[in-house]
Each structure stands twice: as structure tokens, then as C-alpha cells.
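**Q** The following block contains a protein sequence and its predicted model.
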Amino acid sequence: MDEWVLITGASSGIGRELARVFAAHGFSLVLLARDEARLKELAAECERSPGVKARVLARDLAPPNAADEVFEALRDTPVGILVNNAGFGFYGYFAESDLRVQTDLMQVNMIALVQLTHRFVQPMIARRRGRVLNVASVAAFLPGPTVNLYYASKAFVFSFSYALAEELEGTGVTVTTLCPGSTRTEFFTRANIHMNRPWPLMEARAVAEAGYHATMKGRRVAIPGWSNKLICALVKRFPPRLPARVVRKVHTPGPRQA
């Protein structure tokens, strides 16, 4: 296909599976993440699909100018689908956390996503075709004590993406928000986020398949998995204080130390 798919956070987890799914459907890829070795391995795998090309961009999206550098690097590459998947979480009480880490979280999860979307959606509008897939989370619908800013960042992604989808109606450009729940990836280990209550984990491939099909159909929201749909439906029926307490109990590993 002539148009390329740019996937951020492509080196592992849902992003890696999204790359595999798009490649399986014949799309050429720009794979972006910090881990160049993993990206090269994935690019070689994806290029085994007939007609698929894969480029690697080893970039950290935390620096303020990262999105501009990505756009300039791809100025001559016709990106027809933008997948904003990059993001990370951080466990800890907000007042005791490292503000630099939290600031980087906001930069990667929200600001870089907005900047990349703003940059790449304009040529899509000019061509009157294009698709954006922004990866949020079921966390977007819940307060997240002890994982405060991660949950808040996903609420931002959901609100921003849904509003943008409405703004772009009739332009030929669609915006889809993918809201997975707990997924079998490296996310929880890297973020040091605890899960004290048993809950079914979805496979990253199933989440990626749901995101791909929703994107290609131009759907505004995709919530993969019946249990995740149930959470999103139930949480609307309770005052925020109750789900906030539940989330805190789920993530807190034990009594808080003085």
C-alpha cells in the first residue's frame, strides 16, 4: 500500500502486536520506540509479509521537541494511519513521587500524542483521507489513586480523541480510541504497579486485533473484552469515591509505611 502506518511504542506489548496486525494486512510501517534493537527485529519480521516495508525510528518522546523531530524525519513519508500507542505508568503516592518522572509521563502520554496528532492530521485532511488510533485505557473512566497521573492521562486521551473525532467528521479522517483493560504485557512490571485482586488478562494480540478492526471501520471507541465493557458500564452508576477506593485497594501492595 502507498500510505504508511506510524506506530509509537512499537517495541513491545500492544504496540508490537499492532505492528504485526497491520503488517499482516499489507501495510508498510514506521516503527517508533526507544529500543532500537527490538525495533529492528520487529521490522525484519514485518517485512516477511508480502509487499510490506518497515522503517525504524529510535526516539524518546519525552523531550519537548520529539514530535517535531519525528514529523521532520517523516516529511517525505505518506503517513496515512497514525497510531499513538506510546505511554507508561508509574506507581506511588503523588506527593512522594519524583516530579521529573511524572512530568515525563505527561509529556509522553499526552503532550507528544497531541503534538503528533496535530502534525500528521493536517496532511491527512488535505488528502481527505486518514485514520488516527489513540490508545487510552479502561483507566480513562476511573480515578486512579496510587497510579494517579497514568489514569488521568488516559482520561485526557479519551476526551481529546472523542472530541477530535467529532471535529473531523466529514473530512475523510477518522479518530478511534482504544480502551483496553489489564493486558498481558511488560507494562505492570515496568511501572511497578501491583494488582492485588485477580482479574482476567487479555492477550496483547487480541487487543491489537480489536484496535485494528475498529480503526479500519472508523469507529470512535473500541473496548475489547466483555469484562472491560462491564467495568465501563458499571462505573458510570457509582459516585467517583467508590471506584477510587476500589482502585486504591487493587493497586496498594500493603499497609502504607510511615
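**A** Done, it's in. Since the model is a prediction, treat every value here as computed from it, not as a measurement.

**Q** contact partners of the top helix by length along the chain?
**A** Counting residues, the longest helix found in the chain (DSSP state H) is helix 148-167. Contact with helix 148-167 is made by 84, 87-90, 94, 102, 105-106, 109-110, 113-114, 117, 121, 132, 134-137, 139-144, 174-177, 179, 191, 220-221, 247, as judged by CB atoms under 8 Å, 6 or more residues apart in numbering. All C-beta spots, glycine's among them, are computed from the backbone N, C-alpha and C.

**Q** Run me through the strand neighbours of the helix or strand just after that helix, direction for each.
**A** Note on helix 148-167: by DSSP states H and E, the next helix or strand toward the C-terminus is strand 173-178. Applying DSSP bridges to the sheet, strand 173-178 is found paired with strand 130-135 (parallel), strand 221-222 (parallel).

**Q** Quick check: buried residues in strand 173-178?
**A** Going by neighbour count (16 or more other CB atoms under 10 Å), the buried part of strand 173-178 is 173-178.

**Q** now these in CSV, with distance to L29?
**A** Below are the buried residues of strand 173-178 laid out as CSV (distance: CB to CB, whole Å):
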residue, distance to L29
V173, 20
T174, 19
V175, 20
T176, 18
T177, 21
L178, 17
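
**Q** Tell me which of the strands paired with strand 173-178 is the most buried.
**A** strand 130-135 (a mean of 25; mean count of other CB atoms under 10 Å).

**Q** what's the spacing between that strand and its chain's center?
**A** Between the centre of strand 130-135 and the centre of its chain there are 10 Å (CA atoms, centre = their mean, to the nearest Å).

**Q** Which residues does that strand contact?
**A** Contacts to strand 130-135, defined as CB under 8 Å, 6+ apart, come from residues 9, 14-15, 18, 80-85, 87, 113, 117, 120-121, 123-124, 157, 160-161, 164, 172-178, 180, 211, 214-216, 218.

**Q** right, and the strands paired with strand 173-178 - which one's nearest V235?
**A** V235 lies closest to strand 221-222 among the strands paired with strand 173-178, at 14.7 Å (CB to CB).

**Q** How about residues contacting the closest one?
**A** Residues outside strand 221-222 that contact it (CB under 8 Å, 6+ apart): 162, 176-179, 210-211, 213-215.

**Q** Next secondary structure element downstream of that strand?
**A** Later in the chain than strand 221-222, the nearest helix or strand by DSSP H and E is helix 226-235.
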